[in-house]
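A.B. asks: any chance you could fold what I've pasted below:
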Amino acid sequence: MKILLIHPQNYLQRHSTGIYGRSLRYAPLTMPTLKALVPPELGAQVRIVDEMVEDVDFRTPADLVGITAITGTAPRAFEIADRFRALGSKVVLGGVHPTLRTEECLPHADAVVRGYAERTWPRLLRDFSAGRLQRLYEDAEPFDPALIVPPDRSGIRRRDYIGWGTVEMSRGCSNRCDFCISHRFHRTYIRRKIGDVIKEVASLRSKVIFFLDPNLIGDREHAREFFREFARLKKWWVGCASLDVVDDPELLSIMEKSGCRGLLMGFESVRQEALASAGKTANLGRTYARVVDALHEHGILVQACFVFGFDTDDTTVFEEAAEYIEKARFDLPQISIYTPFPGTPVFDRIEKEGRILTRNWSLYNGQNVVFRPRLMTPGELERGTDFVRKRAYSCAALSRRLFTRPLWVKPFVILSYLGFRFYQYRIARAGGEAAAAGAPSFDG
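C.D. replies: Next up, the predicted model:
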């Protein structure tokens, strides 16, 4: 049996057409995990293709093609699926988008996997081998974290990714932000067995571990225990955490001692009403400077994510945010556009209000306007966000960040900053190319 596993990418990230460089690439875990779950008795030959680093060769012989898709990559996933089916291969679709939009995905696949694949994927493969492939696979039993296996990384080329040593310690997030898809796919916060994760990390030759968890501190007691054990490995790590980590000095100290060198954090907005409207309760009432100072005191770099287009945002938010972000001590700002992902209550609400502008899912990547904002025009949101990006990545902004603590990470900050600057500046051009290909354009 020949199995081809494909991680599709949208127009911003694809190897041939995208704008991602190595400095922004992190090795995905989904397909290497599926490879590890293939039952040995099937004697399958498995090949993995990540479109971020190589193109799909449709001449590749495959009995079964597995494709994972988030919303932003769904159109590309459908395109790949349709072509392989036309060539005679059976195709399986799985991931966030097929889980939340199953009926839309079924016409493009011979089978769809909903939710986690730890039990369903091996069952599907055995069914396929026996000639009894079903249309839909879904695990109805409560999920057991002990089922999570280390990915088979044998096909990952380290030179292709700055983040090669990717790991997950948990799944899901304890927060319920209205624009986030995580808690729609991960219905509960799942904690992997600490010993299993430590064993997996210890086996990696990478000095730096990149945790892909949506929120590493969703269970603080579990995080304390885990990072105490992690400290014994003498490695560095980066990951994602909510701002309320600074409310727990003991946990923050443990994270520092364990080798934490950077956190990606959702600051989201400089306005309290926007945070409240989106359910971002962990940020309410906080002085961002104090959060950043607390993390810098522990030697932790801060990548700050901001979003524009909340229902409470008007055009005055851009100048206010740009000035704040330019002068703040965030090491790496990341600027995005509010995106109502299908499958979330916010999408249903905005669609009911008649404000969804396009169902071209490839534009649902946080960098395009796909809905009509409440207090401004789509064009104003597009141009305003681009204005903030340019201010956030200006030379003046970088110069202010170079002499803040922790100083020893500044060479890394400069390299990452240049990578993000190139990426963020190219977004507007890529959006224009997408518009020329059929995406909406905004003049008002």
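A.B. asks: please identify which helix or strand holds the residue nearest to R101 when sequence neighbours are not counted.
C.D. replies: Setting aside the residues directly before and after it, R101 is nearest to P342 in space (CB to CB, 6 or more residues apart in numbering), at 5.8 Å. Where C-beta positions appear, they are placed from N, C-alpha and C, glycine not excepted. For P342, there is no host helix or strand (DSSP states H and E).
A.B. asks: try R400
C.D. replies: R400 belongs to helix 395-401 when assigned by DSSP H and E.
A.B. asks: identify each buried residue in that helix, please.
C.D. replies: Buried positions in helix 395-401, judged by neighbour count with 16 or more other CB atoms under 10 Å: A397, L398, R401.
A.B. asks: domains of this structure?
C.D. replies: Domain segmentation of the chain under automatic domain parsing yields 2-138, 165-436.
A.B. asks: chain center to the shortest one, what's the gap?
C.D. replies: This means domain 2-138. Mean C-alpha position of domain 2-138 versus that of the full chain (CA atoms, centre = their mean, to the nearest Å) differs by 17 Å.
A.B. asks: now swap in the longest one and tell me
C.D. replies: Mean-position distance between domain 165-436 and its chain equals 10 Å (CA atoms, centre = their mean).
A.B. asks: that one - what's its average pLDDT?
C.D. replies: What domain 165-436 shows for mean pLDDT is 88.
A.B. asks: shift numbering so it begins at 22
C.D. replies: I'll keep to 22 as the first residue from here, and by that count the last item is domain 186-457.
A.B. asks: so what's the residue nearest to R122 up against?
C.D. replies: Contacts for P363 (CB atoms under 8 Å, 6 or more residues apart in numbering) come out as T92, H118, L121, R122, W382, Y385.
A.B. asks: how does it look with 7 Å?
C.D. replies: T92, L121, R122 (CB atoms under 7 Å, 6 or more residues apart in numbering).
A.B. asks: so which of the residues you listed wins on neighbours?
C.D. replies: With neighbours taken as other CB atoms under 10 Å, the top of the contacts of P363 is T92, carrying 24 neighbours.
A.B. asks: that residue contacts W382, correct?
C.D. replies: Yes - in this structure, T92 is within contact of W382 by CB atoms under 7 Å, at 5.0 Å.
A.B. asks: hang on, the earlier thing: out of the contacts of P363, who's nearest F392?
C.D. replies: T92 (13.4 Å; CB to CB).
A.B. asks: show me the contacts for that closest one.
C.D. replies: V117, H118, F362, P363, W382, Y385.
A.B. asks: nearest spatial neighbour of it, skipping sequence neighbours?
C.D. replies: T92's closest residue in space is Y385 (CB to CB, 6+ apart), at 4.6 Å.
A.B. asks: the one you found reaches Y359, doesn't it?
C.D. replies: No - Y385 lies out of contact with Y359 (CB under 7 Å); the separation is 11.2 Å.
A.B. asks: sec struct for I69, please.
C.D. replies: Secondary structure, DSSP: H, G, I helix; E, B strand; the rest coil: I69 is strand.
A.B. asks: list the beta-bridge partners for it.
C.D. replies: With DSSP bridges applied, the residues forming beta bridges to I69 are L26.
A.B. asks: counting neighbours, what do you get for it?
C.D. replies: For I69, the neighbour count with other CB under 10 Å is 23.
A.B. asks: go on, V229?
C.D. replies: V229: 16 surrounding residues under other CB under 10 Å.
A.B. asks: residues contacting it?
C.D. replies: The contact partners of V229, by CB under 7 Å, 6+ apart, come to G186, K256, W257, W258, V259.
A.B. asks: most neighbours of all those residues, which one?
C.D. replies: W258 leads the contacts of V229 on contacts (other CB under 10 Å) with 25 neighbours.
A.B. asks: which residues touch the residue nearest to it when sequence neighbours are not counted?
C.D. replies: The shortest distance from W258 to any non-neighbouring residue, by CB to CB, 6+ apart, is to I230 (4.2 Å). Neighbouring residues of I230 by CB under 7 Å, 6+ apart: G186, V188, V222, K256, W258.
A.B. asks: mind redoing it with 8 Å?
C.D. replies: Listed by CB under 8 Å, 6+ apart, the contact partners of I230 are G186, T187, V188, V222, K256, W257, W258, V259.
A.B. asks: thanks a lot, see you next time.
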